[in-house]
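> Can you look at this prediction? I've put the sequence above it.
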Amino acid sequence: MNYKRLGNFIEPINIRNTELEVTTLLGVSIKKVLMPSIANTIGTNMKTYKIIEKNQFAYGPVTSRNGDKISIALLEDYDKAIVSQAYTVFKVIDEQEVIPQYLMMWFRRPEFDRYARFKSHGSAREVFDWEEFCDTQLPIPSIEKQRQIVAEYNTVTQSIHLNKKINTNLEATAQALYKHWFVDFNFPITEESCPELASGSPHLIGKPYKSSGGEMVYNEELDKDIPVGWSSTTLGKLLSKKGYIRGPFGSALKKSDMQKKGIPVYEQQHAIYNHREFRYFITKEKYEKLKRFSIEPDDLVISCSGTLGRITLINKEDKIGVINQALLILRTDKEIMEGIYLKCFLDSKKGNMMLLDGSGGSAQVNIAKREIIQSIPYALANNTLIEKFTYKLKIIQFKIDKNVEQSKKLKELQSLLLAKMTQVATKPASV
């Protein structure tokens, strides 16, 4: 095979943000993409941060902090950004010899991660230094073959991005419908949800409640008008018994408890980015001790530290696991409403604002205390209307889940394409 030394094709870049011309701060995620950083930069001297430009790479040499993943990513979504001084920024010397996207495909291979971990060294922390990195051997086919490989991979990637965009639009549709029904109170008048109004004015059936003159009454607890028949309550009363579950104290779940296999540990990133790729696991014995922190289908898992108020809904296909210290579980009383319905409220502009109200902290911002969250006021509709809206939500969620499942299969295809790189890259052009 025609393997060549990586260092022959790349060179480091060390341009600092001395003029503060760049404000977009990015970090390398576990998915090996550059994303907006969630680090607290208050009081930080941003002049020392490194500038990275489109089609350049950011690489973190420390390999003992991300499990089996090596921190490396290619900047594609921005023309220019800044990254921490801890990263090495580098670029391809000649893009007529090596396409940056082809190189990034190689870095996404699990074999590369294993190689980097094997070559890492150090006592307090393991490092895959620049010299070792440059000594990496990889196949460099013709530029035409590289373009072919990249194009095939990008076709799959674009399909995944399209599914994500469709799901974003579906989620926006759910939010728009929630606002129309439960904020603007323009839910459709039906015989079930508004029996008195429908029977007295049958011509109003199907019309929006408030806009059609539906009766509103002032509620003192909520300090606003709400439809007749609705009541005021608090978020805490919407939850099941022991339905407010904050993650375990640090002493209960330590880094030394983490395994490479077993029962997964849900982290901040699962709520923030709504994915199900796990870095850490615990044994069955440890799980039994932490069982009260385990998730169930229809739970809402919420980020509580740093990036606050991001919510992921647990579905029946998700792996059972425990949450870590930076997460919170809200579990609804199913006699009142399902979690999918409550998520719509907490994702809304007003609901999320109330969820974050009272958050504080000095070094690290934390979500408000239990009593503040449980006292969030809520205008409760009748069961018929909640059930009808939940049914619509489930239809939207079904479409979202189908797209997620399709994307999962596409990601498996991506992995297969990466696995075949050494074969495809070195085959004769006639094959």
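Happy to help now that I have it. Residues are numbered from 1 along each chain as shown.
> How about the backbone phi and psi for residue 419?
In terms of degrees, to the nearest 10, the main-chain angles of residue 419 are phi -60, psi -30.
> Check it and give its pLDDT.
Model confidence at residue 419, expressed as pLDDT, equals 91.
> what number of residues lie near the nearest residue to it once chain neighbours are set aside?
Take residue 419 and drop its neighbours on the chain: the residue closest to it by Cβ to Cβ, 6 or more residues apart in numbering is residue 109, 7.3 Å away. All C-beta atoms are positioned from the backbone trio N, CA, C, and that covers glycine. Neighbouring residues of residue 109 were enumerated by other Cβ atoms under 10 Å; the total is 16.
> Am I right that residue 109 is in contact with residue 417?
No. Taking contact to mean Cβ atoms under 8 Å, the distance of 10.1 Å between residue 109 and residue 417 leaves them out of contact.
> what residues are up against the residue nearest to residue 419?
Contacts here follow Cβ atoms under 8 Å, 6 or more residues apart in numbering; on that basis residue 109 touches 418-419, 421.
> Relative to residue 412, how far out is it?
As defined by Cβ to Cβ, to the nearest Å, residue 109 lies at a distance of 14 Å from residue 412.
> What's the separation between the residue nearest to the spatial centre of the chain and residue 409?
With distances taken as Cα atoms, centre = their mean, the residue of the chain nearest its centroid is residue 273 (0.4 Å). Plainly put, residue 273 is 20 Å away from residue 409 if you go by Cβ to Cβ.
> Low-confidence regions, this protein specifically.
Per-residue confidence of the chain (counting by pLDDT under 70) places the weak regions at 1, 64-67, 123, 360-364, 424-431.
> Could you list the domains of it?
Here the domain assignment for the chain is 3-138, 141-187+382-431, 231-380, based on automatic domain parsing.
> Just say helix, strand or coil for residue 270.
Using DSSP: H, G, I helix; E, B strand; the rest coil as the criterion, the local structure at residue 270 reads helix.
> Next up, the contacts around it.
Listed by Cβ under 8 Å, 6+ apart, the contact set of residue 270 reads 276, 301, 312, 327.
> make it 10 Å
With Cβ atoms under 10 Å, 6 or more residues apart in numbering as the criterion, the residues that contact residue 270 are 264, 276-278, 295, 301, 303, 310, 312, 314, 318, 321, 323-324, 327.
> returning to that earlier point: cross-check the contact I'm expecting between the residue nearest to the centre of the chain and residue 266.
No. Under the criterion of Cβ atoms under 10 Å, residue 273 is not in contact with residue 266, lying 12.0 Å apart.
> How about the longest strand along the chain, which residues are buried there?
Using DSSP state E to define each element, the chain has its longest strand at strand 239-246. Of all the residues in strand 239-246, those buried under the rule 16 or more other Cβ atoms under 10 Å are 239, 243-246.
> same thing with stretch 31-41?
Result for stretch 31-41 [16+ other Cβ under 10 Å]: buried residues 32-34, 37.
> try stretch 405-419
Of the residues in stretch 405-419, those with enough neighbours to count as buried (16+ other Cβ under 10 Å) are 407, 410, 414, 417-418.
> from the residues you listed, which single one is nearest residue 124?
For the buried residues of stretch 405-419, the minimum distance to residue 124 (Cβ to Cβ) is 32.2 Å, reached by residue 418.
> Name the nearest residue to that closest one, sequence neighbours excluded.
Distance criterion Cβ to Cβ, 6+ apart; nearest residue to residue 418, sequence neighbours excluded, is residue 109 at 4.8 Å.
> any idea how far residue 18 lies from residue 53?
Here the criterion is Cβ to Cβ. By it, residue 18 lies 16 Å from residue 53.
> For these two, indicate the residue with more neighbours.
When residue 18 and residue 53 are compared on other Cβ under 10 Å, the one with more neighbours turns out to be residue 53, at 15 against 11.
> where's that one relative to residue 278, distance?
Look at residue 53 and residue 278: by Cβ to Cβ, they are 33 Å apart.
> How many neighbouring residues does residue 303 have?
Per other Cβ under 10 Å, the neighbour tally for residue 303 reads 23.
> What are the phi and psi values at it?
For residue 303, the backbone dihedrals (degrees, to the nearest 10) come out as phi -80, psi 130.
> for it, what are its contacts?
When contacts are counted by Cβ under 10 Å, 6+ apart, residue 303 touches 38, 267-273, 309-312, 326-328, 367.
> Please tell me which one of those counts the most neighbours.
When neighbours are taken as other Cβ under 10 Å, the top entry among those is residue 327 (27 neighbours).
> what are the ranges of the helices in the stretch 301-431 of the chain?
When secondary structure is read from DSSP state H, counting those that start in this stretch, the stretch 301-431 of the chain shows helices at 339-347, 349-356, 370-374, 383-419, 421-424.
> returning to that earlier point: so which of the contacts of residue 270 would you say is closest to residue 170?
Of all those, the one sitting nearest residue 170 is residue 312; the distance, using Cβ to Cβ, is 15.5 Å.
> tell me which residues form a beta bridge with that closest one?
Under DSSP bridges, the beta-bridge partners of residue 312 are residue 301.
> hmm, back to that, same list (the helices of the stretch 301-431 of the chain) but as a markdown table, adding distance to residue 226.
Below are the helices of the stretch 301-431 of the chain laid out as a markdown table (distance: least, Cβ to Cβ, whole Å):
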| stretch | distance to residue 226 |
| --- | --- |
| helix 339-347 | 14 |
| helix 349-356 | 14 |
| helix 370-374 | 21 |
| helix 383-419 | 12 |
| helix 421-424 | 60 |
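> what's the closest of those to residue 290?
Each of those was scored for nearness to residue 290 using Cβ to Cβ, and the closest is helix 370-374 (19.1 Å).
> got the contact list for the closest one?
234-239, 243-244, 246, 302, 304, 328, 330, 346, 354-359, 367-368.
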